[in-house]
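**Student:** A predicted structure for the sequence below; I have some questions about it.
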Amino acid sequence: MTTTMLDTDRLRSVYHTVRADLLRQVRPSGHWEGELASSPLATATALSALVVAEQHGRKNKEDEYLVYQADLSELIVNGLLWLAQHQNEDGGWGDTDRCQSNISATMLVQAAFRLTGEPVKYRGLLERATAYIEKQGGVPALRRRYGKDKTFAVPILANCALAGIVPWRDVPALPFELACFPQSVYRRLRLPVVGYAIPALVAIGLARFHHAPPLNPITRLLRRALAPRSLDLLAPMQPASGGFLEAVPLTSFVVMSMASFGRTDHAVVRRGVEFLLASARADGSWPVDTNLATWLTSLAARSLVDCEVDGASNDTATDWDDQHRLACLDWLLACQHTRPHPITGAEPGGWAWTDRSGGVPDVDDTSAALLALRSLRETASGGEAWRSRDKAIIEAARKGIDWLLGVQNADGGWPTFCQGWGRLPFDRSGSDLTAHALRALNAWREPLEATEGAAFVGVRIYRAIDLGWAYLHLQQSEDGSWAPLWFGNQHNAGDENRVYGTSRVLLALQDLGKQSTLPAQRGFQWLVDVQHASGGWGALSSQHNQDPATLPCSVEETAVAIEALLGAADQPSIRASVDEGLAWLVRAVEDGAHQEPTPIGFYFAKLWYYDRLYPALFATAALRSAVAKTVADSTSDVLTSDVSTSGAEPRHAGATSQSRSADSSTQG
C-alpha cells in the first residue's frame, strides 16, 4: 500500500519555522510566559466579585475605606461589552472564546449581568441565556455536571445566589470548620472539594452560613463559634500576589463571598481585589490564571536543547545559544519551591505551573521541570559556567525526585497535588500524571545513582517505577487507550482526550524500554486506528454520527500523537501513520495553524483553557523528534521520499484526497 512520504528538507524547514517562532517568544530572563485565553467564565466571576465588593464596601459605615479608590464604571462596561460580544449563537457562553457553550459559564455570566445591571443595548441577551440554561436543565444539570465534586458547583451557585437567581438554601453548606484541622489529616476528612480549593471551602462556607444559617440552634452556635478561627486561616494561605493559585475564578469567589457578609475591610478581600484589578486585560476580559510560565518553559527547554542532532538554525537571531540555556536553567532552578505550601501542605522540592507566588507544586509541572533540567545538563557545553552549576542541578533534582516519591499514591499512580486526599478529580491518580512522573524518575536514575548511591536508586526509584507501571497497566482501557486528567477534547464523550493521554503514556513506556510490551502495542494500534483520513488527530470519529471528514483535528493532538508513534516507526503500519501525520502537520505549520491554539486544557473542574504557545510547543517537540529520526536512520525510507499533497492513495479505508484549504478547516 502506498503511503505519503515527506521530504527531509521540507521537514527540517517547518521544524526551524516553529522553533524560530518559539524562540522569538523567550523573555530576556530565559523563560517563556505565553498567554492564556481570555475567558468568559473568569471575566464573569471577576466582574461579580468587584461589584459585590464595591457595593458592600460602600455600605460599611464603621470604616471609611472604600474597596475602590477609582471609578470602576469603565472597567465594568468594558467587561460587559466583551462578554456580550462573545455570546455564542445558542445563547450560552463557553469557558474560552473558542469553546462550546456550557451551563457553568453561562450561569456565571448571567449572574454577572444581573449584579451589574443589564445595559439597554444588550436587550435580549439575558433572555437568550436563560433559554439556554433552561434547555440544558438548569440547576439540576449543573449539579449533574460535577457529581459529588463540589469544588466548582457550590461557588457557581453561591455567585448565582448573590445575584438573586437562586435562593441561598439551594447552595449546599460547605463544612468550613474542617479547615481548622491540621493539613496532615485532610485526607481522612473526605472533604467535598479538592485539595487546592480550601480557600473557597472557607469563604463560601462562611457566606452560606451567614446568608442561610442552620435551622438547628445547637449546630448554629457551634459553627458560629468556629467561624472566626476558620476565617483567620485565609490570610496565611493568600500569596503575596493576592491571587489564590493565581486563579481569577477562585480569587473572585473568595472576594465576593467575604464581601457579601461585610468583610470588605479584611486584608484578604483588599489584596484579592488588587489582584483582580491587576489581572484585567485592556479589552475588558480576564484569563483563568496569570500564566503557565514554568510549565511552558520546561516544555520549551526540553524541545529545544537537543538541537545538536538536527543542526542549529542558521538564523542566529533565533538560535538558543549557551547563554540563553544558562539563563533558562537559572530561572527554572529559582522556581523550585523551598517551603511547605500553606494551602496543600506540600513539602518543599516541587515546581508549580507558574513562577508567581500563588502557584502550587504539582506532579505534572515538577516532572516537566525535572526532565528539562536533565536535558539541559545532558547537552551542557561543559564550560566553567555549567560546571559551577552542576551541584545545584543535582541538588534540585534530588529534592524534586524526593518530592515526587513522597506524593505517589498507594495505587501506584500519581495525583496532582497531594497524596491520597480523596477520590475527587485532581486528587486521585491520573494516567498522564503517572506517565510524566515515571519519565522524570527514569531520567534521573543514573545521575542520582552516581551521586547519591545505589541504595537511593534501588530501594526507592526502581520500586516507584514498578508500582507506576503496574498502575498504568491496570488503567489501560479495553480498546488500548488511556484517559488523561488535565487535558480534554470538548467534542468527545465525557470531554475526554484519549489521544493526549495515550500519547503521553506511550512516551513513558518508551523511556522505560517497554515499547514492545502488549499494553504499548495496543496503545500504538489505538492511535493508528483513530487517526483521521486527513492525517491529523482530534475528535474521535467513533463518538460522532457525522462525516469523519468534518471532525476537527488540532496541531496539539496531532503533534503529541506523532511524537509517541515515532518510537515505533519501524513497524510498517505505524510508519505509514507517522508519515501521514507529518504531512498533515507540515501543511498546518506552512498555513500558520501552529499559531492558532485549540482549547484542550482542563483547569480546575471541567474548566477549559488554551495557551497561545501550546501548538508551537507541541509541534516543535514532534518535529524535532521526526528530524532526529531521519538523522538516526538516514538510510531508511522513513520520512525521506518527496512529499505529495495529492495523488497518493490514502491509507485509511474510505478516505478521500483533501486540499490544503480543507485540511486547514479541520485544524481546530
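**Tutor:** On my side now, so go ahead.
**Student:** any idea how far the closest residue in space to Ala112 that isn't next to it in sequence lies from Ala105?
**Tutor:** Distances taken as Cβ to Cβ, 6 or more residues apart in numbering put Ala44 closest to Ala112, at 4.0 Å, once the chain neighbours are dropped. Every residue, glycine included, has its C-beta placed from N, CA and C. As for Ala44, its distance to Ala105 is 7 Å (criterion: Cβ to Cβ, to the nearest Å).
**Student:** shared neighbours, the two?
**Tutor:** Common neighbours of Ala44 and Ala105 (criterion: Cβ atoms under 8 Å, 6 or more residues apart in numbering): Trp93.
**Student:** low-confidence ranges, this structure, go.
**Tutor:** Scanning the chain for pLDDT under 70 picks out the ranges 1-6, 58-71, 118-120, 180-196, 306-318, 421-426, 454-458, 543-549, 604-605, 632-668.
**Student:** got the domain boundaries for it?
**Tutor:** Split into domains by automatic domain parsing, the chain comes to 40-279, 322-475, 478-608+634-668.
**Student:** OK, contacts around Pro342?
**Tutor:** Per Cβ under 8 Å, 6+ apart, neighbours of Pro342: Pro236, Met237.
**Student:** can you mark which positions in the helix or strand hosting Glu127 are buried?
**Tutor:** Assigned by DSSP states H and E, Glu127 falls within helix 125-136. For helix 125-136, the neighbour count (16 or more other Cβ atoms under 10 Å) marks Leu125, Arg128, Ala129, Thr130, Tyr132, Ile133, Gln136 as buried.
**Student:** tell me how far the fifth one lies from Ser367.
**Tutor:** Relative to Ser367, Tyr132 is positioned 39 Å away (criterion: Cβ to Cβ).
**Student:** and what of Ala240?
**Tutor:** From Ala240 to Ser367 the distance is 26 Å (Cβ to Cβ).
**Student:** which residue of the two possesses the greater neighbour count?
**Tutor:** Neighbour count, other Cβ atoms under 10 Å: between Ala240 and Ser367, Ser367 has more, with 29 against 9.
**Student:** go ahead and confirm that one touches Arg439.
**Tutor:** Yes: counting by Cβ atoms under 8 Å, Arg439 is a contact partner of Ser367 at 6.6 Å.
**Student:** wait, Glu557 sits on Ile600?
**Tutor:** Yes: at 6.8 Å, Glu557 counts as touching Ile600 under the criterion of Cβ under 8 Å.
**Student:** and Ala380, how many residues sit next to it?
**Tutor:** Other residues near Ala380 come to 19 when the count uses other Cβ under 10 Å.
**Student:** what of the one 5 residues further on?
**Tutor:** Here the count is done by other Cβ under 10 Å, and Ala385 has 15 residues near it.
**Student:** ditto for Pro155
**Tutor:** Number of residues near Pro155 (other Cβ under 10 Å) recorded here: 31.
**Student:** phi, psi of it?
**Tutor:** phi -60, psi -40 (degrees, to the nearest 10).
**Student:** next one: Ser260 from Ile133, what distance?
**Tutor:** On the measure of Cβ to Cβ, Ser260 and Ile133 end up 22 Å apart.
**Student:** for the domains of the chain, which one sits closest to Ser29?
**Tutor:** Closest to Ser29 of these, according to Cβ to Cβ: domain 322-475, at 5.5 Å.
**Student:** how long is that closest one end to end?
**Tutor:** 41 Å (Cα to Cα, to the nearest Å).
**Student:** quick one: that domain to chain centroid distance?
**Tutor:** Relative to its chain's centre, domain 322-475 lies at 17 Å (Cα atoms, centre = their mean, to the nearest Å).
**Student:** phi and psi next, for the residue of the chain positioned farthest from its centre.
**Tutor:** Distance from the C-alpha centroid of the chain, by Cα atoms, centre = their mean, peaks at Pro217 (43.8 Å). Recorded main-chain torsions at Pro217 are phi -60, psi -30, according to degrees, to the nearest 10.
**Student:** count the residues that sit near Gln323.
**Tutor:** Neighbour count for Gln323, taken as other Cβ under 10 Å: 10.
**Student:** quick one: residues contacting it.
**Tutor:** Counted by Cβ under 8 Å, 6+ apart, Gln323 has zero contacts.
**Student:** export the domains of the chain to TSV and tack on distance to Ala621?
**Tutor:** As requested, those are exported to TSV (distance: least, Cβ to Cβ, whole Å):
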stretch	distance to Ala621
domain 40-279	22
domain 322-475	11
domain 478-608+634-668	6
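**Student:** for Ala301, find the nearest of those domains.
**Tutor:** Comparing the domains of the chain under Cβ to Cβ, the one sitting nearest is domain 322-475, at 4.1 Å.
**Student:** the closest residue to Gly284 other than its chain neighbours and Asp95, how far apart?
**Tutor:** In space, and not counting its chain neighbours, Gly284 is closest to Asn78: 3.1 Å by Cβ to Cβ, 6+ apart. Noted for Asn78: a distance of 20 Å to Asp95, by Cβ to Cβ.
**Student:** more neighbours: the two, which one.
**Tutor:** Applying other Cβ under 10 Å to Asn78 and Asp95 shows that Asp95 carries more neighbours, namely 30 against 18.
**Student:** that older thread, contact partners for the residue nearest to Ala112?
**Tutor:** Leu83, Trp93, Ala105, Leu108, Val109, Ala111, Ala112.
**Student:** now the residues you listed as CSV including neighbour count?
**Tutor:** What follows is the contacts of Ala44, written out as CSV (neighbours: other Cβ atoms under 10 Å):
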residue, neighbour count
Leu83, 24
Trp93, 30
Ala105, 29
Leu108, 28
Val109, 27
Ala111, 26
Ala112, 27
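**Student:** and the helices in the stretch 401-550 of the chain?
**Tutor:** 431-443, 445-452, 454-455, 462-475, 498-511, 518-529 (DSSP state H, counting those that start in this stretch).
**Student:** looking at those helices, which is nearest to Gly383?
**Tutor:** Nearest of the helices of the stretch 401-550 of the chain (Cβ to Cβ): helix 445-452, 19.0 Å.
**Student:** now do the closest one: which elements does it pack against?
**Tutor:** Counting contacts by 3 or more Cβ pairs under 8 Å, 6 or more residues apart in numbering; DSSP states H and E, helix 445-452 packs against helix 384-407.
**Student:** residues near Ala212, how many?
**Tutor:** As a burial measure, Ala212 scores 15 neighbours (other Cβ under 10 Å).
**Student:** got the phi and psi for the residue nearest to Ala352 when sequence neighbours are not counted?
**Tutor:** Once flanking residues are discounted, Ala352 sits nearest to Gly359: 2.8 Å by Cβ to Cβ, 6+ apart. According to degrees, to the nearest 10, the main-chain angles of Gly359 amount to phi -70, psi 150.
**Student:** is Gly359 in contact with Ala346, as I believe?
**Tutor:** No: contact criterion Cβ under 8 Å: Gly359 and Ala346 do not qualify, at 10.8 Å.
**Student:** my guess is Ala200 contacts Pro155, does it?
**Tutor:** Yes: here Ala200 reaches Pro155: they are 5.7 Å apart, a contact under Cβ under 8 Å.
**Student:** between the two, which contacts overlap?
**Tutor:** Joint contacts of Ala200 and Pro155 (Cβ under 8 Å, 6+ apart) are Phe253.
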